[in-house]
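**Q** Dropping the sequence and predicted coords here.
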Amino acid sequence: MTTHPSPAALARYADPSATLDEVTLWSVETHLEDCAACRARLTVGPDPFDRGAAGPDLLDRVAAAIDRQIAAGPPPVHRRRWSVARNRLLAWHLAPWLVMTVAVLACAVLLQAAQPQLPSLVALLAPVAPLPGVAIAWSRRHDPAWELIAGTPAAGLTMLLRRTAGVLVVIVPALALAGSRTGVSLALTLLPCLACTAATIAVGALVGVRRAAIGLGAGWALAVVLPAVLTLRLPAVLQPGSSPLWALLTLALAGFAATRGANFRRLSSHN
């Protein structure tokens, strides 16, 4: 409201036995949030010169009652450090996607054992293995606490990197185990995995992480996985000599993503 409430309205608001209609009650409370003068008048009573009002006594009684209830209540529970770190790194709505990714890698190992003539399926899937988890890590459509998290100081690139680290904590050991079972070089699984993760974040700064993950995953499947399965040969980008190129690409994309950190603070429809 633009004008001060009348002394009568303030008196009825301060009187616990009086009743106010919802519109007047809402307007008085809204005005008191921004008007220190009216809050002072309410404290000493409707009349600012009336020092005998019961306002201060009422506040003292409320404060004493709150202190008694706090003292009688249970002691505060201190959270364990490992629990805090777990909740910061992992968002539990990612769990189904991580389980699905690990299951796909396990199927790739089994299929490789059943069909040895196929090119290394683990090497072909390694670059896109973390993409489902990264796509969900910063998505308003799949995060039930999106509104709460997006308003915190740690939101944006910091939160995305924390959740991406949680995804990699699960995916990287799964890739290492799958690679050891199929005889694939560790560098040819981890470096492409990190490069595509960095590419998703870098491109996600421009078009949104979810769209970037979907686009990169579809592009990799059409340009690399499908030709490799049809020709029964690994492409040149997954040959042993390609490791230095993957490492340089990872560093370049990570540097670009770091310069675009402010883009992740914009709550656009791309997220």
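**A** Perfect, thanks for sending it.
**Q** contacts and neighbour counts: CA atoms only from here.
**A** Noted.
**Q** and the closest residue to Val128 other than its chain neighbours, how many residues sit next to it?
**A** Excluding its sequence neighbours, the residue lying closest to Val128 (Cα to Cα, 6 or more residues apart in numbering) is Gly217, at 5.9 Å. Residues contacting Gly217 under the criterion other Cα atoms under 10 Å number 19.
**Q** Packing partners of the strand or helix carrying Gly217?
**A** Per DSSP states H and E, Gly217 falls inside helix 209-220. Helix 209-220 is packed against helix 131-137, helix 187-207, with contacts defined by 3 or more Cα pairs under 8 Å, 6 or more residues apart in numbering; DSSP states H and E.
**Q** now for the last one, which elements pack on it?
**A** With contacts defined as 3+ Cα pairs under 8 Å, 6+ apart, the secondary structure elements packing on helix 187-207 are helix 121-125, helix 131-137, helix 157-182, helix 209-220, helix 243-259.
**Q** buried sites along the third one?
**A** Neighbour-count burial for helix 157-182, with 16 or more other Cα atoms under 10 Å as criterion, is recorded at 157, 159-164, 166-168, 170-172, 174-179, 182.
**Q** now the angle between helix 209-220 and that helix, please.
**A** Orientation of helix 157-182 against helix 209-220 (axes from the mean of the first three to the mean of the last three Cα atoms, to 10 degrees) gives an angle of 30 degrees.
**Q** angle of helix 157-182 against helix 187-207?
**A** What separates the directions of helix 157-182 and helix 187-207 is an angle of 150 degrees, with the same axes, to 10 degrees.
**Q** what do you get for the last one?
**A** Here helix 243-259 points in a direction 30 degrees away from that of helix 187-207 (the same axes, to 10 degrees).
**Q** What does the pLDDT read for the residue nearest to Cys193 when sequence neighbours are not counted?
**A** Leaving aside its chain neighbours, Cys193 sits nearest to Pro127 (4.0 Å; criterion: Cα to Cα, 6+ apart). We have a pLDDT of 92 for Pro127.
**Q** where does the protein have low pLDDT?
**A** By pLDDT under 70, the weakly predicted segments of the chain are 1-2, 43-60, 62, 76-93, 139-155, 265-271.
**Q** Domain parsing of it, as residue ranges.
**A** Here the domain parsing of the chain from automatic domain parsing is 7-72, 83-265.
**Q** Return the most buried member of those.
**A** With neighbours taken as mean count of other Cα atoms under 10 Å, these reach their highest mean count in domain 83-265, at a mean of 18.
**Q** Now do that domain: distance to the chain's middle.
**A** Relative to its parent chain, domain 83-265 has a centroid offset of 17 Å by Cα atoms, centre = their mean, to the nearest Å.
**Q** mind starting the numbering at 16 from now?
**A** All set: I'll call the first residue 16, so the last point we hit is now domain 98-280.
**Q** distance of Val240 from Leu47?
**A** Going from Val240 to Leu47 by Cα to Cα, to the nearest Å gives 65 Å.
**Q** you'd agree the residue nearest to Cys208 is up against Leu203?
**A** No: Pro142 lies out of contact with Leu203 (Cα atoms under 8 Å); the separation is 9.2 Å.
**Q** Find the residues that touch each one of these two.
**A** Common contacts of Pro142 and Leu203 (Cα atoms under 8 Å, 6 or more residues apart in numbering): none found.
**Q** picking that back up, mind listing what the residue nearest to Cys208 touches?
**A** When contacts are counted by Cα under 8 Å, 6+ apart, Pro142 touches 204-205, 207-212.
**Q** what's the farthest-apart pair in those?
**A** Thr204 and Thr212 (12.4 Å; Cα to Cα).
**Q** coming back round to it: as CSV, the helices and strands packed on helix 224-235 with distance to Ala272 would be great.
**A** CSV is the format used below for the helices and strands packed on helix 224-235 (distance: least, Cα to Cα, whole Å):
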stretch, distance to Ala272
helix 146-152, 14
helix 202-222, 4
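**Q** Compare the ones you listed and report which one is nearest to Pro111.
**A** Ranking those by proximity to Pro111 (Cα to Cα) places helix 146-152 first, at 9.1 Å.
**Q** residues in contact with the closest one?
**A** 106, 109, 112-113, 116, 157-158, 175, 178-179, 182, 211-212, 215, 224-229, 232.
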